[in-house]
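Trainee: What would the 3D arrangement of this be:
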Amino acid sequence: MDKPALFLTNDDGVEAKGLRVLIRALHSKGHPLVVLAPASEQSCSGMRLTLSHDLRFVEREDIAESIRETNGPPLRVFSLDGTPCDCSIVAMDGGLSMWAPEISPTMCVSGINQGPNLSVDVMHSGTVSAARESSLYGMPSIALSLATYEHSDFEDSLPAIISLIDACTAKLPREPINLGRPDGSVRKPEAPNPKLLALAAFANGDMILNVNAPRVWNGSIKTVSLGSRWYHNAIDMRDTEHFGVAFKVGAANIKDEDIPGTDCNAINSGSVSVTPLSSWPINHPLGLSEELMAAATRTAPSGLPEWLF
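Mentor: Residues are numbered from 1 along each chain as shown. Model prediction:
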């Protein structure tokens, strides 16, 4: 049986190992793939857009050729001299249909990112923002991260990632039902029960999934809410008496609150975390209710969201 096509992007750049690992895994499983990723690393770019200059667009046949399998499904790889959200906008707003018309994606997959996107990280993450931007155009979307900088073994948690992608695409129509949002905010998720309502929100692009893999995976998956993570000592203040001193933004200390059923706790226990996120602010006409998000976070025996089964 032929596999649904996927649109891939990221924030670590088109040369990033995590993206290549994902391309290779999905291509080998038979998914037609079209990739549009930043030409260079754009980590922590949030939903920043490039408005000041033209964006250089390049097909990276060298990357595609290094991965493409003989008699494999279509694979096209492009780079854009812009941010992750630039890539999603260009892809969703006609770029893919113009440059790769033979590939019609069912879903957007952003990643695999190097480093955690937990709790408040989702506010800054380019990886999550690329998925969210695609969803704003009505494309079902997920974001993937390896929640450590200690190694780059993206293959370790691939079984969990592939199982999620398989579960999502099995429930989605081949052609996104709300692409381009032709009815604007008039189209809202509708279903006879909370489980189907969560699926409808995902299919409409009103909800995305944020996935994190731990440093060492214990083989389990948990569908959870966002946790509470605090960054301390973000800048070095020791040199403040010197005018014009340069500061580097980072975090010397990270504190996760111990809150059961959250992404921070799941990762710290060695599980892959899957967190549903509303694509829109709660007070937007398409913002999802607390009741719907609770239903979206209910867990199947596999650990994946219940509404995928």
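Trainee: In the stretch 1-150 of the chain, mark out all the helices, start to finish.
Mentor: Using DSSP state H, counting those that start in this stretch, the helices assigned to the stretch 1-150 of the chain run over residues 17-28, 61-67, 84-90, 96-99, 126-136.
Trainee: Mean neighbour count and distance to Leu146 added to those, as a markdown table?
Mentor: Just so you know, the C-beta spots here come from the backbone N, C-alpha and C atoms, and that holds for glycine as well. Shown next, in a markdown table, are these (neighbours: other C-beta atoms under 10 Å; distance: least, C-beta to C-beta, whole Å):
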| stretch | mean neighbour count | distance to Leu146 |
| --- | --- | --- |
| helix 17-28 | 20 | 7 |
| helix 61-67 | 14 | 19 |
| helix 84-90 | 27 | 17 |
| helix 96-99 | 14 | 26 |
| helix 126-136 | 30 | 11 |
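Trainee: can you redo the ones you listed as a markdown table with distance to Leu226 and mean pLDDT?
Mentor: Conversion of the helices of the stretch 1-150 of the chain to a markdown table gives the following (distance: least, C-beta to C-beta, whole Å; pLDDT from 0 to 100):
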| stretch | distance to Leu226 | mean pLDDT |
| --- | --- | --- |
| helix 17-28 | 22 | 98 |
| helix 61-67 | 33 | 97 |
| helix 84-90 | 20 | 94 |
| helix 96-99 | 30 | 92 |
| helix 126-136 | 11 | 96 |
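Trainee: Out of those helices, the one nearest Asn233 is which?
Mentor: Smallest distance to Asn233 across these (C-beta to C-beta): 23.5 Å, for helix 126-136.
Trainee: Figure out which of the helices of the stretch 1-150 of the chain is closest to Val216.
Mentor: Nearest of the helices of the stretch 1-150 of the chain to Val216, taken as C-beta to C-beta: helix 17-28 at 17.0 Å.
Trainee: other SSEs contacting that closest one?
Mentor: When contacts are defined as 3 or more C-beta pairs under 8 Å, 6 or more residues apart in numbering; DSSP states H and E, helix 17-28 sits against strand 6-9, strand 33-38, helix 61-67, strand 75-80, strand 107-114, strand 141-146, helix 158-171.
Trainee: Pull the distance from it to the chain's centre.
Mentor: 14 Å (C-alpha atoms, centre = their mean, to the nearest Å).
Trainee: One more: stretch 171-179?
Mentor: 17 Å.
Trainee: ditto for stretch 175-187
Mentor: Mean-position distance between stretch 175-187 and its chain equals 20 Å (C-alpha atoms, centre = their mean).
Trainee: For that stretch, give me every contacting residue.
Mentor: Outside stretch 175-187, the residues within contact range by C-beta atoms under 8 Å, 6 or more residues apart in numbering are 92, 104-107, 136-140, 203-205, 284-286.
Trainee: Of those residues, which belong to strands?
Mentor: Counting by DSSP state E, the part of the contacts of stretch 175-187 found in strands is Met107.
Trainee: Buried ones among the contacts of stretch 175-187?
Mentor: Listed as buried from the contacts of stretch 175-187 are 92, 104-107, 136-140, 203-205, 286; burial here means 16 or more other C-beta atoms under 10 Å.
Trainee: In CSV, list these along with distance to Asp81.
Mentor: As requested, the buried ones among the contacts of stretch 175-187 are exported to CSV (distance: C-beta to C-beta, whole Å):
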residue, distance to Asp81
Met92, 18
Ser104, 25
Pro105, 22
Thr106, 27
Met107, 25
Leu136, 22
Tyr137, 21
Gly138, 26
Met139, 22
Pro140, 27
Ala203, 32
Asn204, 31
Gly205, 26
Leu286, 31
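Trainee: So for Arg76, which of the helices of the stretch 1-150 of the chain sits nearest?
Mentor: Between Arg76 and those, the shortest gap by C-beta to C-beta is with helix 61-67, which sits at 6.4 Å.
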